[in-house]
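Chemist: model this:
(2 chains)
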Amino acid sequence: MSSDIYKDIILDYYRNPRNFGDLPNPDVRAKDSNPLCGDIIEMQLKINDGKVEDVRFKGKGCAISQASASMLTEVVKGKSLDEVKAMRKADVLNLLGIDPGPTRIKCALLGLKVMKLGVYAYLGQAITEEVKQLV
Amino acid sequence: MTEKLTTINVSKIRQDFPILKRQVNGKPLIYFDNAATSQKPSVVIETLDNYYREINANIHRGIHKLAEEATLAHEEAREKVAKFINANRTEEIIFVRNATEAINLVAYSWGRANIAAGDKIVLSIMEHHSNIVPWQLLAQEKNAKIEFIKIDREGFLVQDEIREMIDDKTKLVCVAHASNVLGTINPVSEIAKIAHKHGALVLVDAAQSVPHMRVNAKEMDCDFMAFSGHKMLGPTGIGVLYGKSRHLENMPPFLGGGEMIREVHTTGATWKELPYKYEAGTPNIAGAIGLGTAVDYLRKIGMENVHEYEKEITSYALNKMSQVDGLVMYGSPDVKQRVGVVSFNLGDIHAHDLASIMDEEGVAIRSGHHCAQPLMEFLNIPATARASFYIYNTKEEVDVFINVLEKARKLFSP
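Modeler: Residues are numbered from 1 along each chain as shown, chains lettered A, B, ... in the order given. Here you go, the predicted structure:
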């Protein structure tokens, strides 16, 4: 059984999501949904010295949205907030290893949007157009 | 399962639909998204082409030959539609863009003149957003109340609620003839009887029924009926509002402008007779004529045959689907009481994932809330996948669809 979109790595992250659950005392929480699919992602961040010290996510939705959020939590650990703010669509597609196509791209980008919402909220900064347009 | 003899020649019908020859992701297209829009037979595509090549002109006021031919063809299409749904009079057919616009027309014209504070509008919980939002806008403006008839476990409207909710305060009952999620065929003529006893009018959203079964407006005794051309083999951008002439005559116009006036002076204007009073501006002439051709095509097959064939293929699909491990279907298992719209979920696979896997195999299904969020909320599910059939679909296609369901199940099983 093979599938172009549902590569083993995506299914693996979907079935066994890394960094799933709650942080004891997160510095910031952010949550958003994709109204089209009903996908929901919540991110919890522990921030220290301008860097992401720890992160957890929770959510419900399709494999693409959940797997990409989980993969994202792994790569942002240790990154500076500026580095997280600079992450773009291409970074998420690199993680997934596929381009899910125009109809599913919003599923893939929901995690990044919520991650950025959290960072901007922590910094007390207004959310940029770039973030709003991710999903 | 007993094999019924079908009076439809499916392989011949398939020849009429050029799109069915194309491939998707290297696989033959299997189009199971007919509740969203149907494919178009060559005769409809050729009608549009021929209209623009041979008779294109603005209708009604022209004296020249082309204007005369275009007007004739446009009005002939109206007659075809009137006969198709057995309207009392041809002028009870108003051409609009789609079912949504037809419902909005009634909400603006009839609703704003007839709904007052404290009045009640009764809807069903299975309505498409197009038969909810116009009424919410109206109710908000007029301080009217909206109540929803709920459904039972098999997706049928709760009879007691129909009888209790429709009361003397009720001015309008709006209900789908067939659900675009559950497939349920609702007892619209009984609902009309109850509503009329209380002095209320009935609007039927027939977008999912007119393409698939014989619909008789006179027998149904609804006051208004809305449907779209593009779901019944016709072009997009053309839809129909049927209304009893006595209502249409007494309602104020919808859109103002050219085509709909008798006389315009600086002090005011008077309206044309039905149906033109509701058709302001240059209409979708090609679309209306194309819809007429689609009606001819369906009549030639016969709506009883269309319905019979779709029952057969739906029954085949329901039976096969019920054998797929972990598959949950919504709606009644009785094909006599539903149309060929089948909503389902497979285990905990999200509907969008299912639709993507189907797409990889050339199978087009829909996934999401199907513009029926109140129903999704009532069923307590975020989304469903939906397969919906038409006359050109085959049991072999259902077999492929079932194989892909099995593939998805295996792919996602831990």
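
Chemist: so who does the residue nearest the centre of chain A touch?
Modeler: Most central in chain A under C-alpha atoms, centre = their mean is A:Gly111, positioned 2.3 Å from the mean C-alpha point. When contacts are counted by C-beta atoms under 8 Å, 6 or more residues apart in numbering or on different chains, A:Gly111 is found next to A:Ile41, A:Met43, A:Phe57, A:Ser65, A:Ser68, A:Ala69, A:Ser70, A:Met71, A:Leu72, A:Thr73, A:Val92. C-beta coordinates here come from the backbone N, C-alpha and C atoms, glycine included.

Chemist: A strand includes it, no?
Modeler: No: in this structure, A:Gly111 is helix, not part of a strand, as judged by DSSP: H, G, I helix; E, B strand; the rest coil.

Chemist: Tell me where the stretch 101-250 of chain B has helices.
Modeler: Remark: helices assigned in the stretch 101-250 of chain B by DSSP state H, counting those that start in this stretch are B:112-114, B:133-142, B:159-165, B:188-197, B:217-220, B:245-250.

Chemist: what does chain A give?
Modeler: Using DSSP state H, the helices assigned to chain A run over residues A:8-15, A:63-76, A:81-85, A:89-96, A:105-123, A:129-132.

Chemist: Go through the second one and flag the buried ones.
Modeler: Buried residues in helix A:63-76, defined by neighbour count with 16 or more other C-beta atoms under 10 Å in any protein chain shown: A:63-73, A:75-76.

Chemist: ok so, going back, quick one, which of the helices of the stretch 101-250 of chain B gets closest to chain A.
Modeler: helix B:133-142 (15.1 Å; C-beta to the nearest C-beta).

Chemist: Dead centre of chain B: give me the residue that sits there.
Modeler: Short answer for chain B (C-alpha atoms, centre = their mean): B:Ala207, at 1.0 Å.

Chemist: doesn't B:Ile103 make contact with that residue?
Modeler: No: with contact defined as C-beta atoms under 8 Å, B:Ala207 does not reach B:Ile103; the gap is 9.6 Å.

Chemist: Give the burial count for residue 130, as a bare number.
Modeler: Going with chain A. A:Glu130 is flanked by 12 other residues according to other C-beta atoms under 10 Å in any protein chain shown.

Chemist: if you could check chain B rather than the one you did, that'd help
Modeler: B:Ser130: 22 neighbours (other C-beta under 10 Å).

Chemist: Name the SS class of the closest residue to it other than its chain neighbours, please.
Modeler: Spatial nearest neighbour of B:Ser130, chain neighbours left out: B:Thr100 (4.1 Å); criterion: C-beta to C-beta, 6 or more residues apart in numbering or on different chains. For B:Thr100, the secondary structure call by three-state DSSP comes out as helix.

Chemist: Contact partners for B:Thr100?
Modeler: When contacts are counted by C-beta under 8 Å, 6+ apart, B:Thr100 touches B:Ser130, B:Ala226, B:Ser228, B:Gly239.

Chemist: my guess is the second one contacts B:Val240, does it?
Modeler: This means B:Ala226. Yes: here B:Ala226 reaches B:Val240: they are 7.1 Å apart, a contact under C-beta under 8 Å.

Chemist: any residues in contact with both of these two?
Modeler: Shared contacts of B:Ala226 and B:Val240 (C-beta under 8 Å, 6+ apart): B:Ala102.

Chemist: Chain B contacts on chain A?
Modeler: Within chain A, the positions adjacent to chain B are A:1, A:3-6, A:11, A:14-15, A:36-39, A:60-64, A:100, A:104, A:107 by C-beta under 8 Å from any C-beta of the partner chain.

Chemist: circling back to that earlier point, and the furthest pair within the buried residues of helix A:63-76?
Modeler: A:Ala63 and A:Val76 (20.4 Å; C-beta to C-beta).

Chemist: Let me know how buried residue 27 is, in neighbour terms.
Modeler: Reading this off chain A. 16.

Chemist: let's do chain B instead
Modeler: Neighbour count of B:Lys27, defined by other C-beta under 10 Å: 14.

Chemist: And for it, nearest residue in space, chain neighbours not counted?
Modeler: Nearest residue to B:Lys27, sequence neighbours excluded (C-beta to C-beta, 6+ apart): B:Gly362, at 3.1 Å.
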